[in-house]
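Participant: sequence first, predicted model second:
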Amino acid sequence: MTTGRYQVEAVVLTVRNWGEADRLVRVFSKEHGLITAIAYGARRPRSQLAGGLQPFVQAQLALLAGKQVEAVKGCEMIHSFQGLREDLNRMAYTGFLAELITELCPERQAEPEIYEWLLRVLRVMEERNPRLVTLAASWQLFALAGLEPACEVCQKCGKELVWPAVFDMAAGGVVCRQCHDSSSEEKLFSEGAAELLQRFLHLQWEQMEGFLVSREALLMLEALLLSYVDHHIERPLRSTAFIRQVAALGNS
């Protein structure tokens, strides 16, 4: 357990107002994983903390350990990722990914691999289609959290799959139609969606290349992701409503 004052390198995931002039932040740090902290006076005009405590900023933070939450005593910005906040669409999708991290990663458990992965994803999110980036990144995050879906063979009988097959939440992946239990939570799954899922899971963010995505496979993986979130987190993420609102504005 950390005591006293200490330094962390972190990405700010969420920020909300607290009290009259404070901010409550959740950050994902390289050294200690997920941390909740209060920045006292951060909403005051002359606060030196305000600029760095914005969603998706990467910063070096000085924290003071507390009984329940830490206190932010200093903030030095490393990278602003400003493009993610200036574009409403990118902000909505990045917010979904940030919320997913807070649900899948335990408080104060160091996850250096996920931290470095997050920085790579945020860099790509500023430049590429945020919808595709978020879909690929969300599946990768589940895999990093030990919840990778299995879709190479039937998860019940072990035999080679004949497509279309069924995605069975309870089985943790795809099952053949002969094995599926009609009483379990299931989704019809195509070979194209399975191939796209595998491509997303093994995507290298440092060497991104363009590739074609079929609308059918994309929509199937998006619908499956939301069901996967509901199954493992047991509730919809709040950010999904924001994504729908942004999409509605774009179509209006």
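Facilitator: Thanks, I have it. Not measured: the values here are computed from a predicted model.

Participant: what about the stretch 51-200 of the chain, any weak spots by pLDDT?
Facilitator: Scanning the stretch 51-200 of the chain with the threshold set as pLDDT under 70 gives 182-186.

Participant: okay, which residue is most central for this protein?
Facilitator: Leu97 (2.5 Å; C-alpha atoms, centre = their mean).

Participant: how about the contacts made by that one?
Facilitator: Residues in contact with Leu97 (C-beta atoms under 8 Å, 6 or more residues apart in numbering) are 121, 125, 134, 137-138, 141. To be clear about C-beta, it is placed using only N, CA and C from the backbone, and glycine gets the same treatment.

Participant: for the residues you listed, could you give me JSON lines that also reports secondary structure and neighbour count?
Facilitator: Listed next are those as JSON lines, based on DSSP: H, G, I helix; E, B strand; the rest coil; neighbours: other C-beta atoms under 10 Å:
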{"residue": "Val121", "secondary structure": "helix", "neighbour count": "20"}
{"residue": "Met125", "secondary structure": "helix", "neighbour count": "24"}
{"residue": "Thr134", "secondary structure": "helix", "neighbour count": "24"}
{"residue": "Ala137", "secondary structure": "helix", "neighbour count": "28"}
{"residue": "Ser138", "secondary structure": "helix", "neighbour count": "25"}
{"residue": "Leu141", "secondary structure": "helix", "neighbour count": "20"}
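
Participant: re the thing from before, just the buried residues of the one helix or strand the residue nearest to the centre of the chain maps to, please?
Facilitator: Using DSSP states H and E, Leu97 sits in helix 88-104. Under the neighbour-count criterion of 16 or more other C-beta atoms under 10 Å, helix 88-104 has 90-101, 104 buried.

Participant: with stretch 15-31 instead?
Facilitator: Per 16+ other C-beta under 10 Å, stretch 15-31 contains these buried residues: 15, 18, 22-30.

Participant: what's the strand ranked longest in the chain packed up against?
Facilitator: Criterion DSSP state E: the longest strand present in the chain is strand 5-18. With contacts taken as 3 or more C-beta pairs under 8 Å, 6 or more residues apart in numbering; DSSP states H and E, strand 5-18 sits against strand 22-29, strand 33-39, strand 58-64, helix 88-104, helix 112-125.

Participant: so who does Cys105 touch?
Facilitator: Counted by C-beta under 8 Å, 6+ apart, Cys105 has contacts 28, 33-34, 111, 114, 145.

Participant: with distance to Ile233 added, can I get those in TSV?
Facilitator: Below are the contacts of Cys105 laid out as TSV (distance: C-beta to C-beta, whole Å):
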residue	distance to Ile233
Phe28	17
Gly33	18
Leu34	15
Glu111	17
Ile114	16
Ala145	11
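
Participant: of all those residues, which comes closest to Ala170?
Facilitator: Ala145 (18.1 Å; C-beta to C-beta).

Participant: could I get the buried residues of stretch 15-31 as TSV with distance to Gln7 and pLDDT?
Facilitator: Output for those, formatted as TSV (distance: C-beta to C-beta, whole Å; pLDDT from 0 to 100):
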residue	distance to Gln7	pLDDT
Val15	20	96
Trp18	23	93
Asp22	21	96
Arg23	19	96
Leu24	20	97
Val25	16	97
Arg26	18	97
Val27	12	98
Phe28	15	98
Ser29	10	97
Lys30	10	94
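
Participant: residue ranges of the helices in the stretch 101-250 of the chain, please?
Facilitator: 112-125, 130-144, 191-201, 215-233, 238-251 (DSSP state H, counting those that start in this stretch).

Participant: what's the most buried one of those?
Facilitator: Mean neighbour count, computed with mean count of other C-beta atoms under 10 Å, is highest for helix 130-144 among these, reaching a mean of 21.
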